[in-house]
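>>> any chance you could fold what I've pasted below:
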Amino acid sequence: MRLSDRRLLLMGGDVVAVLAAVLIALRIWSVVGSRAFNVTFLVEQSIWFFVFVGIWLLLASANDFYDLRIVARRDASIQRLLIITLQMLVLYLIIFFLAPRYALPRLFSLYYGFASFALIGAWRLIYPAVTGWASEPRRVFIVGTDWAAETIIGAIGRYAYDEYEIKGIIGEKDEVGFEVCGVPVIGDGSALKQLIDQEYVSELIVTSTRELDGKTFQGVMDAYVTGLSIVPMPLLYERITGRVPVEHVNKNWAVVLPLDNNSVFNIYPLLKRGLDIVLALIGMIVFVMTLPVLALIIKLDSPGTIFYSQQRVGLNGRVFSIYKFRTMVSDAELRSGAVFSRKGDPRITRSGRFMRKTRLDELPQLLNILRGDMSLIGPRPERPEHVERLITKIPFYRTRLVIRPGLTGWAQVRYGYGADDDDALIKLQYDLFYIRHASLLLDMNIIIRTAGKVIRMSGV
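Reported below is the predicted structural model:
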């Protein structure tokens, strides 16, 4: 089975388990509440089947429960399931207080929690036995010997080692016998069909169609005609890492541009802007409540202003002023100039370390969101000096300016704090993944992950 097929199978089993858990919880509710458990009762409560499935899929995705590295480890799966169940109970309590009176009993969450934990845990334990041969690693050839081949071999080894078995590399005739990252070049394009039959290969990973010679291209096309899966390296890399490998896409702009984002029927931008305004207004309540306390702490900790502003580059390269609580000593860049902040930066004050860990220093940026300079979700805005330098060093860096920058983003929740240009490249890969796949579901995923980071105080 393909990587996407395995995830769909896992997701389908989870959904069935969630539906069964809701059914069990409703049954217990009917017994405890002395209510008739019949079709009429189930129809009246049918909304909860959709609510709990939706919440489950959102929380499971936000907690990487469909990451096949986690799936392969039963202890990690059960631990992650416990975390998701606890998060579900917290969300249920919120729903309980918002829902109409007597819509659900208070203990319904416990009924559901125990049932879903047991059923989903059992499904994950028997998943390998149920899938049988389908859970065996896919046998693949890599077509190409360039840097992209090294990158995808490393990505498979790190993110999908249980899902793919690389049987060899197809290269030029004079490259046969050499190795790339420990994987041998076993033949050229003329021998591709024979090697596929010999090794029972089911998929070809093509590193670059632009550099294939005639024989190799013909061999790939012959394999495709027989039903073999052909996947470009950038797309597989994106699928298993959640990043776009910008340094390996050459001049193929299609790999880094948004998917179907210009349709006149696309209401996502309007919905996203509405969500930005609503959540920013709610966040302003927190901002106003914490302002007196944070202002006093900042002033007592070190001399200087409470707020500070910097120029950042936003949508389509427009420069705007971003607002934050001051977390560094005054005139922190007087000698160094514009440099990346790093972990353990001595310029950060004691109060600044706390505010950075809890992301409280970002609260004033809610004003930027209301003004339209920023969105709640998007690539973090960088300073003009950094953008000017990185555009010349990193391919497609300018692409991150096609959408509004965000208070938080895919790169922020999937990667640590960027302290140099190498980190900027990795964060760009995550940002481009978001740009290509932006949706309300992905935005909610990022919001949940951000909340988790705030609770864990994992900021820098």
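>>> please make it C-alpha for all contacts and neighbour counts, starting now.
Noted.
>>> can I get the CA coordinates of the helix-or-strand element of the chain with minimal mean pLDDT in CSV?
Every helix and strand of the chain was ranked by mean pLDDT, DSSP states H and E. The lowest is helix 68-71, at a mean of 74. This file holds the C-alpha atoms of helix 68-71, laid out as CSV (Å, rounded to 0.1, in the frame of the first residue of the first chain):
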residue,chain,number,x,y,z
LEU,A,68,3.9,6.4,10.4
ARG,A,69,7.0,6.7,12.6
ILE,A,70,4.7,6.9,15.6
VAL,A,71,2.4,4.2,14.2
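>>> which strands or helices does it pack on?
Contacts of helix 68-71 with other secondary structure elements, assessed using 3 or more CA pairs under 8 Å, 6 or more residues apart in numbering; DSSP states H and E, are made with helix 74-98.
>>> about what we covered before: touching the least confident helix or strand of the chain from outside, list them.
7, 64-65, 76-77, 124, 159-163 (CA atoms under 8 Å, 6 or more residues apart in numbering).
>>> hmm, try it at 7 Å
76-77, 159-160 (CA atoms under 7 Å, 6 or more residues apart in numbering).
>>> hmm, which of those residues are the buried ones?
In terms of neighbour count (16 or more other CA atoms under 10 Å), the buried residues within these are 77, 159-160.
>>> can I get the residues you listed in CSV including pLDDT and distance to Ala280?
Converted to CSV, the buried ones among the contacts of helix 68-71 look like this (pLDDT from 0 to 100; distance: CA to CA, whole Å):
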residue, pLDDT, distance to Ala280
Ser77, 84, 35
Tyr159, 83, 36
Ala160, 82, 38
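>>> contacts only, for Val143.
For Val143, the contacting residues are 169-171, 204-207, taking CA under 7 Å, 6+ apart as the criterion.
>>> Leu315 against Arg400, yeah?
No. Leu315 lies out of contact with Arg400 (CA atoms under 7 Å); the separation is 8.6 Å.
>>> and the strands in the stretch 201-350 of the chain, which stretches?
Residue ranges of the strands in the stretch 201-350 of the chain, as given by DSSP state E, counting those that start in this stretch, are 203-206, 229-232, 307-313, 319-325.
>>> the first one packs against which elements?
Counting contacts by 3 or more CA pairs under 7 Å, 6 or more residues apart in numbering; DSSP states H and E, strand 203-206 packs against strand 138-143, strand 229-232.
>>> got those strands as TSV, with distance to Val319 and mean pLDDT columns?
Listed next are the helices and strands packed on strand 203-206 as TSV, based on distance: least, CA to CA, whole Å; pLDDT from 0 to 100:
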stretch	distance to Val319	mean pLDDT
strand 138-143	43	90
strand 229-232	36	87
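>>> nearest to Ala438, of those?
The stretch from the helices and strands packed on strand 203-206 with the least distance to Ala438 (CA to CA) is strand 229-232; that distance is 21.4 Å.
>>> now the end-to-end length of stretch 374-386.
18 Å (CA to CA, to the nearest Å).
>>> one more: stretch 123-142?
End-to-end distance (CA to CA), stretch 123-142: 33 Å.
>>> got the contact list for that stretch?
1, 13, 74, 149, 162-170, 200-206.
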